[in-house]
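can't give you the sequence, but here's the structure:
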């Protein structure tokens, strides 16, 4: 079962088959890519010898590094959550892209031009690529309209009141949607975008009479990018004063899922890695004001409730987040669930509230960037912050115990026992409650309710799909030519049960470094290639034991088939055939017994 006989590389993802690319094209891109550079641009790696690197896994919460990258094998593997694969697989997981988008991203980085995708080859992927093109065109259209002397005057006056630098306006691509009924629609059609594509983008709407009209009219336009920098949506601020909605956003599309997008993340990525801290604000202009002031490790939720997917995104880049509030204690209490989600994602959470109910935009304009930085630097851990924000409720025992129970909803998501212990100590001190009693109540809550933020379970390691024996056996074969030759000789003619193990073993014995269409196979290969080499004695034991077990499995499988064949021979009264099969079954049983105990 050797995959090298395939002439095309076909990858299945997101529940549907993606387009075919020749193996030569995929190999060309991967050959021009160094996975250590790719992974290292997202997280900190340290050498662990023999061309291998290790770091904290970006796909699940962990404190001890179990994420390995091999320069020799050009793959990655996490021994905690079992995610693994090549550079394409890493980009797919890290940035939530399709296979083709990931391949294109790596090709662009390597200066390789890929063949253009056609609708006939893959309708879904073609639509995604057209929507990306449409988002870029829309951003240019709105930006050019903002600069037009006549059409963009009103919007330019509004932008002027925000006192943002021209470089900031350009960086975030601010634009203007004119008040015409179909200004954008007509411009997009002139660029050969079809109505079906425009409809799928959410940038136009269908009217009652069947025609289309612009979704955004008389609004300042704010492009929203995914983590790769593609414009996937827009936010529009009303400039007429007549709309009941000051802001409206693009509807969800195949590119834009609001629960998975954080405004400004693409622009903030480098600063997040450098500062190892994210500042979480609410609005577009809060974030832009921070960037304008040189504070770039900032992301924004843009008024939506924080989701587990967004918390996981933040955790991929930083270990700590500072939440900036511009409201009162009631507003902070309303945001309690979001903080619980952040802590459950493995983030250290600190918080601050700006004076006089100001938001970051107002505060930085009035007090300056250094004052805002000082507020961030002196921000409190969220437990202490939350208790002090509820000072008016602490005058009674009932009030203090209620606040304690609200604190529990934050702390119960923390999986570091030392941090939990410290938070409970601080809570007891701030609330003037007995520490032992507080701990008892907290443990009773855990026993009685479990962890409420169950959705964060997606960040925890998934159940193991392959045995350690499989991984160790394949690892020995990858690293030892004598062991590989022995296994090839002794397993010749042995029928392997179809699955990831058989697929990877076949490729290794054939001496080829395969690319696997099955995620489990790719992960298993990455796991095997990233394991450290064993001693010669250990390798001998591992290979001997696994060869015997594989022979036994093959014989048992053949025995099962013979049982069915014997039943059929009996039904047909074919005595000669039945006798022949029974003798064969006896022979197989002797072979199994000769292999020794399982």
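Perfect, I can see it now. Small disclaimer: the values here were computed from a predicted structure and weren't measured.

Regarding residue 223, what is its secondary structure?
The three-state label given to residue 223 by DSSP: H, G, I helix; E, B strand; the rest coil is strand.

Now do it against residue 98, distance only.
Distance of residue 223 to residue 98, given as CB to CB, to the nearest Å: 21 Å. Every C-beta, even on glycine, is put in place using the N, C-alpha and C of the backbone.

With residue 227 instead?
14 Å.

now residue 398
Counting by CB to CB, the gap from residue 398 to residue 98 is 54 Å.

In terms of packing, which of the two has more residues around it?
Using other CB atoms under 10 Å, the more surrounded residue of residue 398 and residue 98 is residue 98, with 21 against 9.

List phi and psi for the more buried one.
phi -80, psi 170 (degrees, to the nearest 10).

pLDDT score for it?
In this model, residue 98 is scored at 80, pLDDT.

same question, residue 196
94.

Tell me which helix or strand residue 321 sits in.
strand 320-325 (DSSP states H and E).

Please name every helix or strand in contact with that strand.
For strand 320-325, the elements it packs on are strand 278-281, helix 336-344, strand 348-353, judged by 3 or more CB pairs under 8 Å, 6 or more residues apart in numbering; DSSP states H and E.

sec struct for residue 478, please.
helix.

just the helices in the stretch 251-400 of the chain please.
Using DSSP state H, counting those that start in this stretch, the helices of the stretch 251-400 of the chain run over residues 265-275, 284-292, 308-317, 329-334, 336-344, 360-367, 369-377, 382-389, 397-411.

which of the ones you listed sits most buried?
Comparing these by mean neighbour count (mean count of other CB atoms under 10 Å), helix 284-292 comes out on top with a mean of 25.

Contacts only, for residue 433.
Taking CB atoms under 8 Å, 6 or more residues apart in numbering, we find residue 433 in contact with 400-401, 404, 427.

which stretches of the stretch 351-500 of the chain have low pLDDT?
Low-confidence regions of the stretch 351-500 of the chain, defined by pLDDT under 70, span residues 449-466.

Turn the contacts of residue 433 into a markdown table, including distance to residue 286.
Listed next are the contacts of residue 433 as a markdown table, based on distance: CB to CB, whole Å:
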| residue | distance to residue 286 |
| --- | --- |
| 400 | 33 |
| 401 | 35 |
| 404 | 32 |
| 427 | 30 |
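
May I ask which two of those are separated the most?
Maximum pairwise distance among the contacts of residue 433 (CB to CB): 11.1 Å, between 401 and 427.

in the chain, which helix has the most residues?
Looking across the chain with DSSP state H, the single longest helix is helix 536-571.

Tell me the buried residues in it?
539-540, 542-543, 546-547, 550-552, 554-555, 558, 562, 565-566, 569 (16 or more other CB atoms under 10 Å).

so where do the helices sit in the stretch 1-150 of the chain?
Assigned by DSSP H, counting those that start in this stretch, the helices in the stretch 1-150 of the chain fall at 23-31, 35-40, 87-95, 99-110, 123-147.

Could you pull up the residues touching residue 111?
The contact partners of residue 111, by CB under 8 Å, 6+ apart, come to residue 32.

Please tell me the pLDDT value assigned to it.
84.

Kindly provide the distance from it to residue 29.
10 Å.

and if you look at residue 437?
Residue 437 is 61 Å from residue 29, by CB to CB.

So which of those two has more stuff around it?
A count of neighbours by other CB under 10 Å puts residue 29 above the other of residue 437 and residue 29, at 23 against 12.

quick one: contacts for the more buried one?
Residues in contact with residue 29 (CB under 8 Å, 6+ apart) are 88, 103, 106-107, 110, 112, 114.

and with 6 Å instead?
Residues near residue 29 by CB atoms under 6 Å, 6 or more residues apart in numbering: 106-107, 112.

Residue 192 in helix, strand or coil?
Put simply, residue 192 is coil when judged by three-state DSSP.

now it: how far from residue 130?
According to CB to CB, residue 192 and residue 130 sit 10 Å apart.

Between the two, tell me which one has more neighbours.
residue 130 (19 against 7).

Isn't residue 201 up against residue 134?
Yes: Residue 201 is in contact with residue 134 according to CB atoms under 6 Å; the separation is 5.2 Å.

Which one of these two is surrounded by more residues?
Neighbours per residue, other CB under 10 Å: of residue 201 and residue 134, the larger number sits with residue 201, 28 against 22.

which residues sit in contact with that one?
Per CB under 6 Å, 6+ apart, neighbours of residue 201: 131, 134.

Which parts of the stretch 401-550 of the chain are strands?
Counting by DSSP state E, counting those that start in this stretch, the stretch 401-550 of the chain forms no strands at all.

For it, which segments are assigned as helices?
Assigned by DSSP H, counting those that start in this stretch, the stretch 401-550 of the chain shows helices spanning 417-431, 435-449, 468-479, 481-490, 500-509, 519-529, 536-571.

buried sites along the first one?
To tie it back to what came earlier, the one meant is helix 417-431. 420, 423-424, 426-428, 430-431.

With the third one instead?
Of the residues in helix 468-479, those buried by neighbour count under the rule 16+ other CB under 10 Å are 470-479.

So which residues make contact with that helix?
Residues from elsewhere that reach helix 468-479 (CB under 6 Å, 6+ apart): 483-484, 487, 501, 504, 508, 527-529, 531, 533, 539, 542-543, 546.

Now do it against helix 519-529, angle only.
60 degrees (axes from the mean of the first three to the mean of the last three CA atoms, to 10 degrees).

Same question for the first one.
Relative orientation of helix 417-431 with respect to helix 519-529: 100 degrees, computed using the same axes, to 10 degrees.

Domain-wise, how is this protein divided?
3-115+464-529, 123-255, 265-457, 536-594 (automatic domain parsing).

which of the helices of the stretch 1-150 of the chain sits most buried?
helix 87-95 (a mean of 23).

and the angle for that one with helix 308-317?
Helix 87-95 runs at 120 degrees relative to helix 308-317, counting by the same axes, to 10 degrees.

returning to what we had before: spatially, which two of the buried residues of helix 468-479 are the most separated?
470 and 479 (15.2 Å).

Run through who's touching stretch 275-283.
For stretch 275-283, the surrounding residues in contact (CB under 6 Å, 6+ apart) are 272, 287, 297-301, 314, 318, 320-324, 360.

How far does that stretch sit from its chain's centre?
Centroid displacement of stretch 275-283 relative to its chain, using CA atoms, centre = their mean, to the nearest Å, is 18 Å.

closest to residue 175 out of the helices of the stretch 251-400 of the chain?
helix 284-292 (12.7 Å).

So which elements touch the closest one?
Using 3 or more CB pairs under 6 Å, 6 or more residues apart in numbering; DSSP states H and E, the elements in contact with helix 284-292 are helix 166-171, strand 298-300, helix 360-367.

Just list what the longest one packs against, helices and strands only.
Which is helix 360-367. Contacts defined by 3+ CB pairs under 6 Å, 6+ apart place helix 360-367 against helix 284-292.
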